[in-house]
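Asks: just a sequence and a predicted model for now, questions to come.
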Amino acid sequence: MSVVVVQLGQCGNQVGRELFEVVDSDARGQGAKADGERYREASLDRFFSCEESGGNVPTARAVLVDMESKVIGRTLSSAAKTGRWKYGDKNYFCQKKGSGNNWANGFYIHGPKCEDAVMNLVRQEVEKCDRLSGFITTMSLAGGTGSGLGTYVTGCLRDTYPNSFILNHVIWPHRTGEVIVQNYNSVLTLSHLYQSSDGLLIHENDTIHKICSQLLNIKQISFTDVNKVIAHQLGSILQPVCTGLCLTEYSRSPLGDLMETLVTHPEYKLLSAMSIPQMSDTSLAFSTFTWLGLMKHLRQMLISNTKMEEGIDWQVRPTPAGLPVAAKISPNKELRFNTSVSNLLILRGKEVQNAETGGFNDQALYTSWTPAESALSVWQASQTFNKYERSATMVSNSQSVLKPLDSVVRKAWNMFASRAYVHQYTKYGIAEEDFLDSFTTMEQVVASYSNL
Ligand SMILES: Nc1nc2c(ncn2[C@@H]2O[C@H](COP(=O)(O)OP(=O)(O)OP(=O)(O)O)[C@@H](O)[C@H]2O)c(=O)[nH]1
């Protein structure tokens, strides 16, 4: 089954491009044997079509949307330059002027204006799929186009394709903030997506930045570096994988399976990812890993909510199941133990069947109402992924994003209480009550995750 990627705004287009790059190079890196060939075919069918004029160069199943033309132009040409894959020549929609980091401008003005054109492009892409699993949108929370227009387009996708899955991949802004109104844009986006999305997969720019500096040893970190790490994690989730015991049968419905395992309750849709190992190519050449070591580290990363192997807090231990929430909070009021609703462990590489995953089944890792049989899912592929001989990614529906979420909601509320910048939004048609509704929705989400 195929997925259609809708790339929105500067960030969404740049991240989307990197995703296709990883997927393509991973698929090409598989051996010439029959199982490598099957993996390649499954990946190709999922992410690329091959019917456009232009020879045998696979065409990304993607629609590119931005209110400025610069990033789209760069994205199209850098893909074409690879000679390995490209975007469809006409699969983009752009205008002359961005949304000025204003969610309301993207949602209320650009949204309705470009709805027909964008949905037309989406329809054409959908018609190229023999079977559609659903849509992945890529966008930032902080800008105006990705967040505002992205939210609007997600609503249109939901209305037009009520039976398809929608996974919104969203980039969380740096905490120190490049955009003064980023907390407004984030709250408005998240609250609206909560209505129309099946799941929101979150990557925090701060965390990825740390991975680039501490694990990859990059000195001057660019968006390209950051996006490569994000794309690696996304690719490891979305590339072909076996969801059952049989290691030769790939999942047919990548998004359906993802939602079925992770989003079991409509109040809990926030997903985060962590991968292991992650290192520079130079270090990788001198490293070997065992499944035992990888699983031990990943489990502690999960329960202590550390998104990388460095700096794991080994003191954090699960609280025995059944204890009240208060017992899970440390004296300094920090939620130390990361409680999950559900987890999906994706393992790729050599001798994958030998990986011992029992430690993730421990009921103490999960909230009391999660049934034991739906707490953990393990998916596997015996192919190496993106040069790593053995690698694991955990996609978690847990309290992992609670802290940044609470902080964004609080900061946005403090600004709103003094009505700062609100007129910049109301002039595009959003009412103060809409803001209040968004705060209510997100405060409810914060409360729900807090009480796990
Ligand atoms: N990870 C990552 N973050 C990005 C990238 N480009 C921008 N961002 C982040 O995205 C946010 C800004 O959003 P943009 O995507 O630039 O804005 P936009 O959606 O194009 O909206 P307008 O500029 O208002 O038209 C900030 O938090 C940036 O840190 C990128 O390539 N990668």
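Replies: All right, it came through fine.
Asks: now the stretch 51-200 of the chain against the ligand: closest residue?
Replies: Nearest residue of the stretch 51-200 of the chain to the ligand (Cβ to the nearest ligand atom) works out as G143 at 2.0 Å. Using the backbone N, CA and C atoms, a C-beta is placed for each residue, glycine as well.
Asks: quick one: T145 and I72 touch, right?
Replies: No. Using Cβ atoms under 8 Å, T145 makes no contact with I72, being 11.1 Å away.
Asks: can you pull the residues that touch both of the two?
Replies: D66 (Cβ atoms under 8 Å, 6 or more residues apart in numbering).
Asks: neighbour count: these two, which is higher?
Replies: T145 (32 against 21; other Cβ atoms under 10 Å).
Asks: contacting residues around the closest residue to the more buried one other than its chain neighbours?
Replies: Nearest residue to T145, sequence neighbours excluded (Cβ to Cβ, 6 or more residues apart in numbering): G9, at 3.8 Å. By Cβ under 8 Å, 6+ apart, the contact set of G9 is 65-67, 99, 139-140, 143-147, 149-150.
Asks: if you set the cut-off to 6 Å instead, what comes out?
Replies: 66, 139, 143, 145-146 (Cβ atoms under 6 Å, 6 or more residues apart in numbering).
Asks: what pLDDT is listed against it?
Replies: Note on G9: pLDDT of 97.
Asks: now it: phi and psi?
Replies: With angles defined as degrees, to the nearest 10, G9 sits at phi 70, psi 180.
Asks: how about T440?
Replies: Here T440 shows phi and psi, under degrees, to the nearest 10, equal to phi -60, psi -50.
Asks: do the same with G31
Replies: phi -60, psi 170.
Asks: could you measure from V408 over to the ligand?
Replies: The gap separating V408 from the ligand is 12 Å, by Cβ to the nearest ligand atom, to the nearest Å.
Asks: I'd assumed that residue was in a helix, is it?
Replies: Yes. According to DSSP: H, G, I helix; E, B strand; the rest coil, V408 belongs to a helix.
Asks: list the contacts of it.
Replies: 183, 186.
Asks: per-residue confidence at it?
Replies: pLDDT at V408 comes out at 96.
Asks: again with A327
Replies: On pLDDT, A327 comes in at 52.
Asks: and the host helix or strand of E21, what's buried?
Replies: Assigned by DSSP states H and E, E21 belongs to helix 9-28. For helix 9-28, the neighbour count (16 or more other Cβ atoms under 10 Å) marks 9-24, 26-27 as buried.
Asks: so how far is the helix or strand of the chain with the lowest mean pLDDT off the chain centroid?
Replies: Across the helices and strands of the chain, the lowest-confidence element by mean pLDDT, DSSP states H and E is helix 281-285, at a mean of 84. Centroid separation for helix 281-285 versus its chain: 26 Å, with Cα atoms, centre = their mean, to the nearest Å.
Asks: mind listing what's buried along the helix or strand following it?
Replies: Using DSSP H and E, the helix or strand that follows helix 281-285 in sequence is helix 291-304. Buried positions in helix 291-304, judged by neighbour count with 16+ other Cβ under 10 Å: 291, 294-295, 297-304.
Asks: now the residues you listed as TSV including distance to Q233 and pLDDT?
Replies: Below are the buried residues of helix 291-304 laid out as TSV (distance: Cβ to Cβ, whole Å; pLDDT from 0 to 100):
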residue	distance to Q233	pLDDT
W291	19	96
L294	15	96
M295	18	97
H297	16	96
L298	13	97
R299	18	96
Q300	18	95
M301	13	96
L302	14	96
I303	19	94
S304	18	93
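Asks: which of those residues lies closest to N361?
Replies: Using Cβ to Cβ, R299 is the member of the buried residues of helix 291-304 that lies nearest N361, at 10.5 Å.
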